[in-house]
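**Q** following is a predicted model, sequence given first.
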Amino acid sequence: MPGFTTHTGKIAVLNQDQVDTDRIIPARFLSRVSKAGYGELVFSDVRGTDFPLDQPEAAGASILVVGINFGCGSSREHAVWAIQQAGFACVVSRRDGDSPGYSDIFRGNAANCGLLLIELNPTDHAKLVAADSGADVTVSLPDQTVLINGESLSFEINEATKLALIAGLDLIGTTLQYDSQIADYEATKLAYAPPLEVA
């Protein structure tokens with residue numbers, strides 16, 4: 001998958017808390033046999049003229065701004081696929097006290113699929129919300145910054161996740177970096193078979 005370093009794009013503001021995976025991609029679509037075609041289905045049960053992502057200002061946005069605990073609910077990689085296939089390169093949430101920006105399972109799925117998740121403190125997050133959909137933003141993962149209206153907002157990210165996203169590595173790709181060491185280790189070990197029980 002492609003690596004992520006710096007991305008400039010418009011934001012789409014969906015400033016809602018506790019958006020669960022069933023709202024992102026309804027469960028009835030999970031039986032599809034292809035990994036493709038989810039982008040057009042993202043938020044399909046709540047789309048309409050009043051939905052923030054259907055406003056003209058949000059057209060062509062590639063950075064999604066959300067509230068706290070985005071991606072909660074049931075585990076499904078399909079939610080990440082839908083967001084990516086809808087054209088979003090990263091998601092920016094609000095971390096508020098003990099309330100995380102994302103659910104743990106969604107966070108893991110996003111990292112493994114190459115979707116950058118950013119958490120901002122309430123003050124910095126409010127600056128993105130105030131700029132509103134259509135505002136231009138630049139995200140730098142190496143610098144861990146979000147640039148909006150000339151102001152640089154900092155974010156924290158797990159170092160291993162950051163390096164994997166920059167390199168474009170999922171869990172398998174990360175493991176394969178150590179292919180030669182694994183092969184060397186395996187070559188020194190004898191195959192083990194449990195002893196047969198004699199009646």
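**A** That came in fine, so what should we check first? Keep in mind that this is a model prediction, so the values were computed, not measured.
**Q** buried residues in the helix-or-strand element of the chain with minimal mean pLDDT, which are they?
**A** The helix or strand of the chain with the poorest confidence is helix 171-176; it has a mean of 71 (mean pLDDT, DSSP states H and E). By neighbour count on 16 or more other C-beta atoms under 10 Å, the buried set for helix 171-176 is empty. Any C-beta I mention is one placed from the backbone N, CA and C, and that applies to glycine too.
**Q** what lies in contact with it?
**A** Residues outside helix 171-176 that contact it (C-beta atoms under 8 Å, 6 or more residues apart in numbering): 1, 112, 164, 167, 182.
**Q** so which of the residues you listed sit within helices?
**A** 112, 164, 167, 182 (DSSP state H).
**Q** residues near the second one, how many?
**A** It stands for residue 164. 22 (other C-beta atoms under 10 Å).
**Q** ok, and for the lengthiest strand in the chain, which residues are buried?
**A** Within the chain, and with DSSP state E defining each element, the longest strand by residue count is strand 6-14. Buried residues in strand 6-14, defined by neighbour count with 16+ other C-beta under 10 Å: 9, 10, 11, 12, 13, 14.
**Q** can you list those in TSV and add distance to residue 97?
**A** Listed next are those as TSV, based on distance: C-beta to C-beta, whole Å:
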residue	distance to residue 97
9	29
10	29
11	24
12	26
13	22
14	21
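**Q** report the buried members of the contacts of helix 171-176.
**A** Buried among the contacts of helix 171-176 (16+ other C-beta under 10 Å): 112, 164.
**Q** sorry, back to before: which elements pack onto the longest strand of the chain?
**A** Packed against strand 6-14, as judged by 3 or more C-beta pairs under 8 Å, 6 or more residues apart in numbering; DSSP states H and E, are the following elements: strand 63-66, helix 122-131, strand 136-140.
**Q** look up how far residue 17 lies from the closest residue to residue 136 other than its chain neighbours.
**A** Residue nearest to residue 136 in three dimensions, not counting chain neighbours: residue 10, with 6.1 Å by C-beta to C-beta, 6 or more residues apart in numbering. For residue 10, the distance to residue 17 equals 22 Å [C-beta to C-beta, to the nearest Å].
**Q** just residue 111 next, same as before
**A** Taking C-beta to C-beta, one finds residue 111 at 22 Å from residue 17.
**Q** okay, those two: which has more neighbours?
**A** Using other C-beta under 10 Å, the more surrounded residue of residue 111 and residue 17 is residue 111, with 22 against 14.
**Q** who are the contact partners of the more buried one?
**A** 117, 161, 164, 165.
**Q** between those residues, which is closest to residue 136?
**A** residue 117 (20.4 Å; C-beta to C-beta).
**Q** rewinding a little: residue contacts, the residue nearest to residue 136?
**A** The contact partners of residue 10, by C-beta under 8 Å, 6+ apart, come to 58, 60, 61, 62, 63, 133, 134, 135, 136, 137.
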